[in-house]
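Undergrad: Whatever this is, show me its structure:
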Amino acid sequence: MPISASTIDSDMRVGYPGRDGAHSAAACDRLFPHAELVPLPTFHAVVEATASGEIAFGVLPIESSLSGPVAETHDLLYGSALAITAETVLSIRHFLVAVESVPLEEIRVVRSHPVALDQCRKLLAAMPWATAIAAPTTGDAAAQIAANGDPTEAAIASERAASLHGLSVIADDVGDHPEAYTRFVSIGNFVRLDVNGKAWRTAFSFVTDHQPGALHRAIEPFARHRIDLLQLVSRPIPQAPWRYRFDAVLAGHPLDPIVRETLQEIRASTRQLRLFGSYPAEERE
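TA: This next block holds a predicted model:
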């Protein structure tokens, strides 16, 4: 959902990974319809530019309905002091595009973002003669094959990316599932406290002791207080081999007394608890 116009300046700069035609650019349009959009080369560059104040907000994908959590976004949030400020969910349609409309049998290389490649396994399985090559984003994949000009190269990208780069659509809706969605979040240097009548989400991370029952003790307060735990993701802790943290999202806001009490109980039963921010839930869900 768009951030309130009262807090948004039309001169504000918002960054996203990739280039115009990437799905992240479409998410920016949804979240910040009046902002200046700034394409950046990587997820890490988006986080760095936001943390330094070069841009007001960054927009990153955080979850796919097909492939699950986007690990890079989770880890970058954990390693920074930035907070999630909003979310939006986009329906994702994948297209196989090339510089010329050629038969599938002539395609020797398919470029795309790793998540898009993973969501189009059936297409790639039907083209065993083609090599899949990862690109930073789907928009970058489209730009790469346009620049190469090789008719035996194709990209899995958006229809918008195909149009921007003058590419031909060889096949549409090439994803394994017709209903595919990606959740995107905006990140910024502040925590939102403008609680209103909307449904809110709070993202956080915690680390438990390495002993039997530790995870159960940490999440038991959610059931007791009847708070919906919407997501629970385990991620390795690089500095501690074979140890894991848990990234989670709950339904509610820390200013709600019950949510606040629940988080206090979790803090008391874990080694570490960090909030990643609170934000209104996507209304279209």
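
Undergrad: Just list whatever residues bridge to Gly58.
TA: Gly15, Ile187 (DSSP bridges).

Undergrad: That one: neighbouring residues, count only.
TA: 30 (other Cβ atoms under 10 Å). All C-beta atoms are positioned from the backbone trio N, CA, C, and that covers glycine.

Undergrad: where does it land on pLDDT?
TA: According to the prediction, Gly58 has pLDDT 98.

Undergrad: so who does it touch?
TA: 14-16, 40, 46-47, 49-50, 82, 186-188 (Cβ atoms under 8 Å, 6 or more residues apart in numbering).

Undergrad: export the residues you listed to JSON lines and tack on pLDDT?
TA: Output for the contacts of Gly58, formatted as JSON lines (pLDDT from 0 to 100):
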{"residue": "Val14", "pLDDT": "97"}
{"residue": "Gly15", "pLDDT": "97"}
{"residue": "Tyr16", "pLDDT": "95"}
{"residue": "Leu40", "pLDDT": "94"}
{"residue": "Val46", "pLDDT": "97"}
{"residue": "Val47", "pLDDT": "97"}
{"residue": "Ala49", "pLDDT": "97"}
{"residue": "Thr50", "pLDDT": "97"}
{"residue": "Leu82", "pLDDT": "96"}
{"residue": "Ser186", "pLDDT": "97"}
{"residue": "Ile187", "pLDDT": "97"}
{"residue": "Gly188", "pLDDT": "96"}
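
Undergrad: who wins for neighbours among those residues?
TA: That'd be Tyr16 among the contacts of Gly58, by other Cβ under 10 Å, with 32 neighbours.

Undergrad: one step back: just give me the closest of the contacts of Gly58 to Arg217.
TA: In terms of Cβ to Cβ, no member of the contacts of Gly58 lies closer to Arg217 than Leu82, at 29.1 Å.

Undergrad: Distance check, the closest residue to that closest one other than its chain neighbours against Glu48.
TA: Of all residues not flanking Leu82 in the chain, Ile187 sits nearest, at 4.5 Å (Cβ to Cβ, 6 or more residues apart in numbering). Distance of Ile187 to Glu48, given as Cβ to Cβ, to the nearest Å: 11 Å.

Undergrad: Any idea what Gln231 is bridged to?
TA: Val249.

Undergrad: meant to ask about Val110
TA: Bridge pairing for Val110 - DSSP bridges - gives Ala132, Ala154.

Undergrad: who touches the residue nearest to Leu82 in this structure?
TA: 46-47, 50, 57-60, 77, 82-85, 277.

Undergrad: mind redoing it with 6 Å?
TA: With contact taken as Cβ atoms under 6 Å, 6 or more residues apart in numbering, Ile187 is in contact with 50, 58, 82, 84.

Undergrad: Just the ones in helices from those, please.
TA: Counting by DSSP state H, the part of those found in helices is Thr50.

Undergrad: circling back to that earlier point, now that we have the contacts of Gly58, can you turn them into a markdown table and tack on distance to Leu229?
TA: Shown next, in a markdown table, are these (distance: Cβ to Cβ, whole Å):
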| residue | distance to Leu229 |
| --- | --- |
| Val14 | 30 |
| Gly15 | 31 |
| Tyr16 | 29 |
| Leu40 | 32 |
| Val46 | 28 |
| Val47 | 26 |
| Ala49 | 32 |
| Thr50 | 27 |
| Leu82 | 23 |
| Ser186 | 23 |
| Ile187 | 22 |
| Gly188 | 25 |
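
Undergrad: returning to what we had before: any idea how far the residue nearest to Leu82 is from Arg13?
TA: In terms of Cβ to Cβ, Ile187 sits 14 Å off from Arg13.

Undergrad: circling back to that earlier point, from the contacts of Ile187, pick the one nearest Ile156.
TA: Closest to Ile156, out of all of these and judged by Cβ to Cβ, is Gly58, at 24.1 Å.

Undergrad: and the residue nearest to Arg192 when sequence neighbours are not counted, how many neighbours?
TA: Once flanking residues are discounted, Arg192 sits nearest to Thr85: 5.4 Å by Cβ to Cβ, 6+ apart. Counted with other Cβ under 10 Å, residues neighbouring Thr85 total 22.

Undergrad: Repeat that for Leu215.
TA: 17.

Undergrad: Which positions within the host helix or strand of it qualify as buried?
TA: Element membership of Leu215 [criterion: DSSP states H and E] is helix 214-225. Of the residues in helix 214-225, 215, 217-219, 221-222 count as buried by neighbour count, 16 or more other Cβ atoms under 10 Å.

Undergrad: Burial check on the residue nearest to Arg274 when sequence neighbours are not counted, number of neighbours?
TA: In this structure, Arg274 finds its nearest non-sequential neighbour in Ser205, 4.9 Å apart by Cβ to Cβ, 6+ apart. By other Cβ under 10 Å, 19 other residues sit near Ser205.
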